[in-house]
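Peer 1: give me a model of this one.
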Amino acid sequence: MTLWHLTGWEFAALAFAALLVGFSKTAVSGANTVSLAIFAAVLPARASTGVLLPVLIAGDVLAVLTYRRHAHWPTLWRLFPAVAAGVVLGTLFLVWADDGVVRTSIGAILLVMAAVTVWRRRTADAGQGPDGGTTRAGRVKARSYGVLGGFTTMVANAGGPVMSMYLLSAGFRKLGFLGTSAFFFLVVNVSKLPFSAGLGLIDGRSLVLDAALMVFVVPGALIGKWAVNRINQRLFEQLVIAATVLGALQLLLR
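Peer 2: As a prediction, the model looks like this:
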């Protein structure tokens with residue numbers, strides 16, 4: 001599948017999905033699970049992950065430029081080793097798993113983590129700041145979410161909801177959430193490029209399609225930057241959780 005094989009409606013759907021990637025990176029993280037579903041509906045499921053990855057990286061760059069001052073680096077350094085392990089596991093999983101197994105596994109993981117996050121936030125103390133993995137329980141949680149995040153982002157570019165659930169459960173406020181996730185996904189998605197290329201998911205043809213779609217990421221990011229200042233913390237958290245559940249259901253019901 002290349003740019004020249006797409007119908008006008010198919011390209012329009014992918015362009016909307018790319019715009020939504022930009023919006024999710026600067027406003028409601030986790031909303032790009034809808035983009036994942038659109039890409040998988042228009043393109044072959046496995047190939048869609050390779051086409052989507054450079055589009056996500058373009059959104060990550062815009063998010064870092066927007067929220068770079070708000071990143072919580074202690075949390076990032078604690079997550080990266082576990083994420084690397086998850087990416088390796090995800091690569092091995094892709095070697096033998098078919099699309100149905102991938103969708104079902106990730107959808108179930110996302111639903112469980114959304115439920116756990118809602119429960120934890122109802123029982124946690126209000127106003128708690130980000131723990132960043134400084135306690136033993138925090139370190140265990142960071143490693144667990146890190147492995148799952150690396151795994152899901154490798155097999156289906158669906159790590160956004162996983163890390164959204166982690167950052168919410170760790171007590172991050174809106175700007176800290178966006179700044180930390182921006183740097184996290186820029187590093188992780190760039191590190192996935194050689195794995196995806198090695199699996200044949202990225203090639204010259206897919207990059208031509210990416211070049212056309214990246215144009216639509218920029219207005220999406222600008223809309224997200226405008227919208228995030230008009231969303232209060234409670235609504236922000238509700239939107240992130242709702243986007244996660246929606247993405248999980250799309251994976252399970254397709």
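
Peer 1: give the buried residues for the host helix or strand of residue 213.
Peer 2: In the assignment (DSSP states H and E), residue 213 maps to helix 204-213. Going by neighbour count (16 or more other CB atoms under 10 Å), the buried part of helix 204-213 is 206, 209, 210, 213. Backbone N, C-alpha and C define where each C-beta goes, glycine included.

Peer 1: skipping its backbone neighbours, what lies nearest the first one in space?
Peer 2: Take residue 206 and drop its neighbours on the chain: the residue closest to it by CB to CB, 6 or more residues apart in numbering is residue 51, 4.9 Å away.

Peer 1: wait, that neighbour touches residue 212, no?
Peer 2: No - assessed by CB atoms under 8 Å, residue 51 is found out of contact with residue 212, at 10.6 Å.

Peer 1: sorry, back to before: reformat the buried residues of helix 204-213 as JSON lines; add distance to residue 61.
Peer 2: Shown next, in JSON lines, are the buried residues of helix 204-213 (distance: CB to CB, whole Å):
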{"residue": "206", "distance to residue 61": "19"}
{"residue": "209", "distance to residue 61": "19"}
{"residue": "210", "distance to residue 61": "13"}
{"residue": "213", "distance to residue 61": "15"}
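
Peer 1: quick one: which of those is nearest to residue 76?
Peer 2: residue 210 (26.1 Å; CB to CB).

Peer 1: and the next element down the chain from the helix holding residue 213?
Peer 2: helix 217-228.

Peer 1: what's in contact with that following helix?
Peer 2: Helix 217-228 is touched from outside by 18-28, 55, 58-59, 62-63, 66, 174, 178, 236, with contacts defined as CB atoms under 8 Å, 6 or more residues apart in numbering.

Peer 1: repeat that for 7 Å
Peer 2: The contact list for helix 217-228 (CB atoms under 7 Å, 6 or more residues apart in numbering) reads 18-23, 25-27, 55, 58-59, 62, 66, 174.

Peer 1: show me the residues you listed that map onto strands.
Peer 2: Assigned to strands by DSSP state E, none of these qualify.

Peer 1: hey, where'd the helices end up in the stretch 51-200 of the chain?
Peer 2: 73-96, 99-123, 136-156, 159-169, 174-198 (DSSP state H, counting those that start in this stretch).

Peer 1: on that earlier part again, for the helix holding residue 213, list the C-alpha coordinates in CSV.
Peer 2: C-alpha atoms of helix 204-213 as CSV (Å, rounded to 0.1, in the frame of the first residue of the first chain):
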residue,chain,number,x,y,z
GLY,A,204,10.8,4.0,1.2
ARG,A,205,7.2,3.7,0.1
SER,A,206,5.8,4.1,3.6
LEU,A,207,8.0,7.1,4.2
VAL,A,208,6.5,8.9,1.1
LEU,A,209,3.1,8.4,2.6
ASP,A,210,4.4,9.7,5.9
ALA,A,211,5.7,12.8,4.3
ALA,A,212,2.3,13.7,3.0
LEU,A,213,0.6,12.9,6.3
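
Peer 1: average pLDDT across that helix?
Peer 2: For helix 204-213, mean pLDDT rounds to 90.

Peer 1: tell me what that helix is packed against?
Peer 2: Packing partners of helix 204-213 (3 or more CB pairs under 7 Å, 6 or more residues apart in numbering; DSSP states H and E): helix 8-26, helix 45-67.

Peer 1: out of those helices, deepest packed?
Peer 2: Ranked by average neighbour count under the criterion mean count of other CB atoms under 10 Å, those are headed by helix 45-67 at a mean of 23.

Peer 1: ok so, going back, from the buried residues of helix 204-213, pick the one nearest residue 10.
Peer 2: Proximity of the buried residues of helix 204-213 to residue 10 was ranked by CB to CB; the top entry is residue 209 with 10.7 Å.

Peer 1: got any ranges where the stretch 151-254 of the chain has weak pLDDT?
Peer 2: Within the stretch 151-254 of the chain, the set of residues satisfying pLDDT under 70 comprises 233, 237, 247, 251, 254.
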